[in-house]
Structures are given as structure tokens and as C-alpha cells.
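based on what follows, work out the 3D shape:
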Amino acid sequence: MILTSRAVGAGESASIGGSAPSASSLILKAPCSILTSNTSHIAVSERSFENVLVVRTDRIGDVVLTLPMVLVLREHLPSSQLSMLLRSYTRDLVEGFLGLDRIVSYDEGGEHKGFLDMLAELRAHRFDLVIVSHPTFRIAVLMALARIPVRVGSGYRWYSFLFNKRVFEHRKTATKHEAEYNISLLEAVGIHSRDVPRVTLSVPENSNTAAAGQLEGLGIGLSEPFVILHPGSGGSARDWSAESFGDLARALAEDGFKVVVTGSMNERALVDRVIARSNGSAVAASGKMSLKDLAAFIGRAQLFVSNSTGPLHIAAAAGTPVIAFYPPIRECSPVRWGPLTEDKVIFTADANSCPRCKGGPCQGNDCMSQITVEVVLRAACSLLAPKGQSY
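Numbering: from 1, shown residues only. All right, here's what the predicted structure looks like:
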């Protein structure tokens, strides 16, 4: 059995059980109810903040899904200085983001900056409000010792007393989208928004040039349509198998599409397995791309197919249609972690139909094999078809 979730509002669900659904039942290109360019216009009730810090020191997707909150802050605090505290490897992706004035790095060379060095840097910036989207004990202590007057964070950590504005929401219940959880933190300082603003990543010309060079090196013309398959997830979710990605690559190639497989340097073996399974129908994007270069490269594709992972959210922000695979685990569900785009097809495995899970907690990747190459191919061809046509 396959449960296929489609673009729905936060807390809602739309699923189809039973045999593989038709392509037409898989595709939804109507606006997603939580994704809009308009936010509410309610004035900040607490005070006027001049120097605001947003903290998100985890991974790519988490950072991308925090950017809507930055846009809400910018709308409600148009003259304030807005900064983000990020890990250095996500800094490149956010650099130049509309509405963001400054990026502060949390680490150097992948290692946390020394505690006292980080504390001195935070104090020097003289922030008057911090929004902590990804709380850790170290972060909470730093923000308190930095003497930031208003510190917003979760109320459900043992160290939450270090925040003086606490929000009591359990994200693990996954009752709404991660972007909505982030925006909800702003209610602690009187900022209310009913909607999630659209995010567009800033891609410089040199990244567009690099993406064009990648395509040329792969033998793909700049005007030639191609599909990206991204089989890794960095351990953030259960994965559709490399064999399934390889079979999909071969099927797409047989239908006349160029196929490129992407992955991190640590996922090279996985990428090679997909290429081998495709019998040479797909090619691997070579070299180490920066996140900006990756965003430019993904933005040129006609379709991005992946497990639940950071580059999926880059694709959504780049405006590329996506197909994504999710396990039957509440904390990993597309309700919370789905891509913020209207052109998407989301497949979620069904634990009740899994011979290993048998309706209980997810035990491994077995359930993901319910998602067949045939049904994914139909969805892909429907997304790839010209507007107004069906596959």
C-alpha cells in the first residue's frame, strides 16, 4: 500500500490508499494553503527592537525552513538590523538573502568557536532580541551571558529558564509545518502571522556560471531539459533505495530525459550505486559544489527527486518541481518537513502495510519499497509534461 500525501495546509492531510493511484490523482498544482506571499499586518506589541538575532545552527533544510521567519521579522521590523547565527557550511546558502543584514558564524572549520570567543562576539553586536529556533544548552547559556534583553525559545527544555520568553510547543508532535513552528516563536514578542511567506534564495552570477559549466561538463546543453535524482538524506530520514533510484533513472532515460545524480562527497558510493544500477543511463554531477552553486544547478533542472533532505528544500526555494519520499514516522512526516512549493508530489509509506513494521514503529527502510518505480515515473512524467498536457 502507498499513502501519497499532496500539498495541504498545516495539520491537514490528503492521502490515497490501496493500489497505486493514477498520475492525475498524484499531481496538485493549486496553491498550498500555508504558502503565500502575504503575511498579516499586526504591529509588534511588546517593544521596538533594533538589533535582532535568529539562531539556527543545525542543517541545510532546517535553515531554509527558518528563512520565512526572517521575512516575517523584516515585514514587522522594517528598520531593524536582522542577523542569523549559522554554521559556516550553511552560511554560503543564506548569504545575500533578502531582508537579512548580517550572518554570524557559530564555528570555524567545522568546530565550534571557543565559548569565550563566541560570547565576546555576541556581546559586541549588542543584540536586543534573539529568537532561538534550534535550542541547545550551549546556545541558551551563550544568549543569557551575552545579556541579550529578550530571549525567545522553547519552554520544554530543562534549561528553558535561560529564555525569558518561552513558547510551549512540542515540535515532535508534527501537527504543523516546521516553518510555522518557527514563525510561532514570534508570538512571544507580539508578532503574529497567519501565513508562511515564499522564500527565494539569492544566487549570484558566478554560481549560475558554475552551474552552466557543470552541465557542459556532463554533456547537457543549457537549453536541454534534465532531471536530478538525489538518493541520500544524510541520515535524516528513511530512504528510497539506490536500486529504485537507479531503475527510475533508466526509465526516465528511456522516455528521453537526461538524468543527473547528485550527492555530497560522503555519498559518493551511494551515487555510484545509482549510476551502476541505471546501466549508464544517468551521470553524476562531479566535483564539490558550494551550496550557492548547488542551488543554481538545481534551479536549472525540470524536476528534483529525493528523499527528505536539505537539497529538497533548496529545490523548492529554487522553484523546481519536486518529488519526495517520506517514512511513516510522525517526527519525519511531510506535515512538518514537506517542501514549501506548490509543484510537488509527496509519497509516504504506510507502516500498516509493511511486513516488518506491521503497523508499529518504523523498523527500517523496508516500508519505503512500497513506493514503486512505476508510480513515481508516472508522477515524474506528469510534472515534466507541458502545462495543460498529461502523461
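
ok, Thr173 touching Val335?
No. Counting by CB atoms under 8 Å, Thr173 sits too far from Val335 to count as a contact (9.8 Å). Every C-beta, even on glycine, is put in place using the N, C-alpha and C of the backbone.

domain parsing for the protein?
Following automatic domain parsing, one finds the domains of the chain at 2-34+202-384, 38-197.

worst average pLDDT in those?
For these, mean pLDDT drops lowest on domain 2-34+202-384, to a mean of 81.

pull the distance from it to the chain's centre.
On the basis of CA atoms, centre = their mean, to the nearest Å, domain 2-34+202-384 sits 12 Å off its chain's mean C-alpha point.

same thing with stretch 197-211?
Offset of stretch 197-211 from its chain centre (CA atoms, centre = their mean): 16 Å.

run through who's touching it.
Here stretch 197-211 makes contact (CB atoms under 8 Å, 6 or more residues apart in numbering) with 35-39, 64, 67-68, 71-72, 75, 93, 95-98, 289-290, 292-293, 295-297, 299-300, 314, 317-319, 340.

quick check on those: which are buried?
35, 39, 64, 67-68, 71-72, 75, 93, 95, 97, 289, 292-293, 295-297, 299-300, 314, 317-318, 340 (16 or more other CB atoms under 10 Å).

ok, back up a step: when Thr173 and Val335 are compared, which one has more neighbours?
Set Thr173 next to Val335 and count neighbours by other CB atoms under 10 Å: Val335 wins out with 23 against 11.

assign a three-state SS to the more buried one, would you?
Secondary structure assignment for Val335 (DSSP: H, G, I helix; E, B strand; the rest coil): helix.

skipping its backbone neighbours, what lies nearest it in space?
Ala174 (5.4 Å; CB to CB, 6 or more residues apart in numbering).

and if you look at Val283?
Distances taken as CB to CB, 6+ apart put Leu218 closest to Val283, at 5.1 Å, once the chain neighbours are dropped.

now do Leu122
Ala146 (3.9 Å).

same check, this time on Val141
Leu162 is the one closest to Val141 (CB to CB, 6+ apart), at 6.4 Å.

who are the contact partners of that neighbour?
Counting by CB under 8 Å, 6+ apart, Leu162 makes contact with 140-141, 143-144, 151, 153.

and those, which two are the farthest apart?
Spatial extent of these (CB to CB) is set by the pair Val141 and Gly153 at 11.7 Å.

so for these two, which sits in the more crowded spot?
Between Val141 and Gly153, counted using other CB under 10 Å, Gly153 has the larger neighbour count: 26 against 14.

is that one in a helix, a strand, or coil?
Gly153 ends up strand, using three-state DSSP.

ok, it touching Val167?
Yes. At 7.3 Å, Gly153 counts as touching Val167 under the criterion of CB under 8 Å.

shared neighbours, these two?
Residues touching both Gly153 and Val167 (CB under 8 Å, 6+ apart) are Leu185.

how many neighbours does the residue nearest to Lys172 when sequence neighbours are not counted have?
Nearest residue to Lys172, sequence neighbours excluded (CB to CB, 6+ apart): Glu331, at 5.3 Å. Using other CB under 10 Å, Glu331 has 12 other residues around it.

report the secondary structure state of Glu331.
Secondary structure state of Glu331, per three-state DSSP, is helix.

where's it relative to Glu178, distance?
According to CB to CB, to the nearest Å, Glu331 and Glu178 sit 11 Å apart.

the stretch 251-391 of the chain: helices as residue ranges?
268-277, 291-299, 310-318, 334-337, 373-384 (DSSP state H, counting those that start in this stretch).

I meant the stretch 101-250 of the chain, not that one.
Applying DSSP H, counting those that start in this stretch to the stretch 101-250 of the chain gives helices spanning 115-125, 137-145, 178-184, 205-217, 242-254.

quick one: those as TSV, columns for distance to Leu229 too.
TSV is the format used below for the helices of the stretch 101-250 of the chain (distance: least, CB to CB, whole Å):
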stretch	distance to Leu229
helix 115-125	39
helix 137-145	35
helix 178-184	24
helix 205-217	15
helix 242-254	5
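
highest mean neighbour count out of these?
Most buried of those, by mean neighbour count (mean count of other CB atoms under 10 Å): helix 178-184, with a mean of 23.

so which other helices or strands are in contact with that one?
Using 3 or more CB pairs under 8 Å, 6 or more residues apart in numbering; DSSP states H and E, the elements in contact with helix 178-184 are helix 67-76, strand 196-197, helix 334-337.

what's in contact with the helix or strand following the longest one?
Yep, that's helix 67-76 we're talking about. Once helix 67-76 ends, the next helix or strand along the chain (criterion: DSSP states H and E) is strand 81-86. If you take CB under 8 Å, 6+ apart as the criterion, strand 81-86 is touched by 50-57, 63, 66, 70, 73-74, 94, 99-106, 125, 127.

right, and the helix or strand after strand 81-86?
Using DSSP H and E, the helix or strand that directly follows strand 81-86 along the chain is helix 88-94.

quick one: buried residues of that following helix?
For helix 88-94, a neighbour-count test (16+ other CB under 10 Å) marks 90-94 as buried.

for Ala242, what are its contacts?
Taking CB under 8 Å, 6+ apart, we find Ala242 in contact with 231, 270, 273-274, 277.

just Leu73 next, same as before
Going by CB under 8 Å, 6+ apart, Leu73 touches 52, 54, 80, 82, 99, 131, 186, 191.

most neighbours, which of the residues you listed?
For the contacts of Leu73, counting by other CB under 10 Å, the largest number of neighbours falls to Ile131: 27 neighbours.

in space, what's closest to Phe97 - neighbours in sequence excluded?
Closest to Phe97 by CB to CB, 6+ apart is Ser202, at 5.7 Å.

if I look at the one you found, how far off is Ser264?
From Ser202 to Ser264 the distance is 22 Å (CB to CB).

so between those two, which is more surrounded?
It is Ser264, of Ser202 and Ser264, that has more neighbours when counted by other CB under 10 Å, with 17 against 14.

isn't the more buried one right up against Pro231?
No. Counting by CB under 8 Å, Pro231 is not a contact partner of Ser264; they are 11.0 Å apart.
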